[in-house]
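# From the sequence below, what's the structure:
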Amino acid sequence: MKLDIKSFGQSALPAVIGLMAFALSEGVFADTTAGTLKAGSVRVIDICGNQPEQFSGYSAGFIGSYSPTGLTGGETVVTIMDTGATTCFPSSIQFGVSGFTSNPGTTWLTSITCNGIEKTGSTASFTYNSGTATWKWDNESFGFVLDDTYSCSIVYS
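Below is the predicted model of the structure:
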């Protein structure tokens, strides 16, 4: 169905713009990409407290695998990972996407679900650096186990 704004007149324009802004904020125009993660795992010595820290999941070129890594806007999934707690840092889930030409903001991510656990962009801490955006949820875990395979779904704008 095609809506012709001319049939409503210019007085309808603010309402149409408001409706579109609301739809965008509610994820109505969001994309969804489903993928498969095969969990890798590694232990490294944490620089704070000299303790071993466990990383499990996927980190491009480091541990695990994820497919497909490409998203509809040309961005690339680079990290879906659980990190273990240490003396200096809590356990966390980290989700990273590269290929942005500018800061997408925390609301670019509507949600990520892996292993039946959903995390929303609005509840994450967020950082952006040189084309890579990272969402982080402290004291959370997807529960990845080495060599197990998981279905993931990413909803984004």
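
# Hmm, residue 30 and residue 153 touching each other?
No - under the criterion of Cβ atoms under 8 Å, residue 153 lies out of contact with residue 30, with a separation of 11.2 Å. C-beta here means a position set from N, CA and C on the backbone, and glycine is covered the same way.

# And these two? Which one has more around it.
residue 30 (16 against 13; other Cβ atoms under 10 Å).

# Can you give me the pLDDT of that one?
Taken from the predicted model, the pLDDT recorded for residue 30 is 91.

# That one against residue 107, yeah?
No - with contact defined as Cβ under 8 Å, residue 30 does not count as touching residue 107 (10.5 Å).

# what do these two both touch?
Jointly contacting residue 30 and residue 107 under the rule Cβ atoms under 8 Å, 6 or more residues apart in numbering are residue 157.

# Pull the contacting residues for the residue nearest the centre of the chain.
The geometric centre of the chain, computed from its C-alpha atoms, lies nearest to residue 95 (Cα atoms, centre = their mean), at 4.7 Å. Contacts were defined as Cβ under 8 Å, 6+ apart; by that measure residue 95 touches 77, 79, 80, 81, 109, 112, 119, 124, 134, 135, 136.

# Ok, residue 111 next?
For residue 111, counting by Cβ under 8 Å, 6+ apart, the contacting residues are 118, 119, 120, 121, 153, 154, 155.

# Buried ones among those residues?
With burial judged by 16 or more other Cβ atoms under 10 Å, the buried subset of these is 119, 120, 121, 154, 155.

# Which of those fall in strands?
Using DSSP state E, 119, 120, 154, 155 are the members of these that sit in strands.

# what's the most distant pair in those?
Taking every pair in these and measuring Cβ to Cβ, the maximum separation is 11.7 Å, between 120 and 154.

# Give me the common contacts of the two.
Listed as contacting both residue 120 and residue 154 by Cβ under 8 Å, 6+ apart are 109, 111.

# sorry, back to before: closest to residue 40 among the ones in strands among the buried ones among the contacts of residue 111?
In terms of Cβ to Cβ, no member of those lies closer to residue 40 than residue 154, at 19.0 Å.
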